[in-house]
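1. Provide a 3D model corresponding to the input given below.
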Amino acid sequence: MMLLRLLHFLLLLLPAPLRDYYFQRPSSGGLDVYHPLILFTGFSCPNLEARLMEAYTPSLSRCGALKGKGWFPICRFNTLDLVEHDYVSCFQEQMTLIYNPVLNDYWNLIGIETGVPNFGSAYGLSEKKMVLDHENLCLVSVRKELEAVGYHDGDILFEAPYDIRYAPPSQGYVTHVQELVEHASK
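-> Residues are numbered from 1 along each chain as shown. Model prediction:
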């Protein structure tokens, strides 16, 4: 409930018309009006996944161990696991982006596809256990407080995770967010 009080305080900082639109006084423990909310999480929260396609030519044979085996997480690794399993160089290679000056955009290495699963869902992020205050870093506490007052995932509560390797986010991400806002506004 402390986060809900903080949310109420932050809403007070909005200009009066926006504050009136987004904030309705609670009555009997709930809100009278629910407006769609989209959570934009911190840099380490999205679950970036990859799959290695046939066109992927790893620099080291062990880097191709997951080739053809479907999607696997690449941003939920514990860094100690990377070192213990001698996978740091493979991780670096599979996370690399290459700039294409003709398209003015960045791309994965040939044969590597990446994506962020569950785009739009407030559960499209995960708590990173290796971070001391992981619940607050990834807005998990905020999500739980919003659900406690009546917000529902996919109905009026959404999240927009992104591929952290792009800064600023790619045009594809901006398009996905625009589509999410349009969906949430219906």
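2. hey, let's count contacts and neighbours off CA atoms from now on
-> Will do.
3. Can you pull out the low-pLDDT segments for this protein?
-> 1-33, 42-44, 75-80, 125-137, 167-169 (pLDDT under 70).
4. could I get the longest helix belonging to it in PDB with only the CA atoms?
-> When the chain is parsed with DSSP state H, its longest helix is helix 171-184. The C-alpha trace of helix 171-184 is given here as PDB (Å, rounded to 0.1, in the frame of the first residue of the first chain):
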ATOM      1  CA  GLN A 171      11.600   2.200 -34.600                       C
ATOM      2  CA  GLY A 172      10.000  -1.200 -34.400                       C
ATOM      3  CA  TYR A 173       9.700  -0.800 -30.700                       C
ATOM      4  CA  VAL A 174       8.100   2.700 -31.100                       C
ATOM      5  CA  THR A 175       5.600   1.200 -33.500                       C
ATOM      6  CA  HIS A 176       4.700  -1.600 -31.100                       C
ATOM      7  CA  VAL A 177       4.200   0.900 -28.300                       C
ATOM      8  CA  GLN A 178       2.000   3.000 -30.500                       C
ATOM      9  CA  GLU A 179      -0.100  -0.100 -31.300                       C
ATOM     10  CA  LEU A 180      -0.300  -0.900 -27.600                       C
ATOM     11  CA  VAL A 181      -1.500   2.600 -26.700                       C
ATOM     12  CA  GLU A 182      -4.200   2.300 -29.400                       C
ATOM     13  CA  HIS A 183      -5.300  -1.100 -28.100                       C
ATOM     14  CA  ALA A 184      -5.300   0.100 -24.500                       C
END
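5. For it, which residues meet the burial criterion?
-> Tyr173, Val177, Leu180, Val181, Ala184 (16 or more other Cα atoms under 10 Å).
6. Make sure Pro161 is actually in contact with Gly124.
-> Yes. If you go by Cα atoms under 8 Å, Pro161 and Gly124 touch, sitting 6.6 Å apart.
7. neighbour-wise, which of those two wins?
-> Pro161 (28 against 20; other Cα atoms under 10 Å).
8. Wasn't that one part of a strand?
-> No. Counting by DSSP: H, G, I helix; E, B strand; the rest coil, Pro161 falls outside a strand, being coil.
9. Quick check: phi and psi on the residue nearest to it when sequence neighbours are not counted?
-> In this structure, Pro161 finds its nearest non-sequential neighbour in Pro46, 5.1 Å apart by Cα to Cα, 6 or more residues apart in numbering. Pro46 has phi and psi values of phi -60, psi 150 when expressed as degrees, to the nearest 10.
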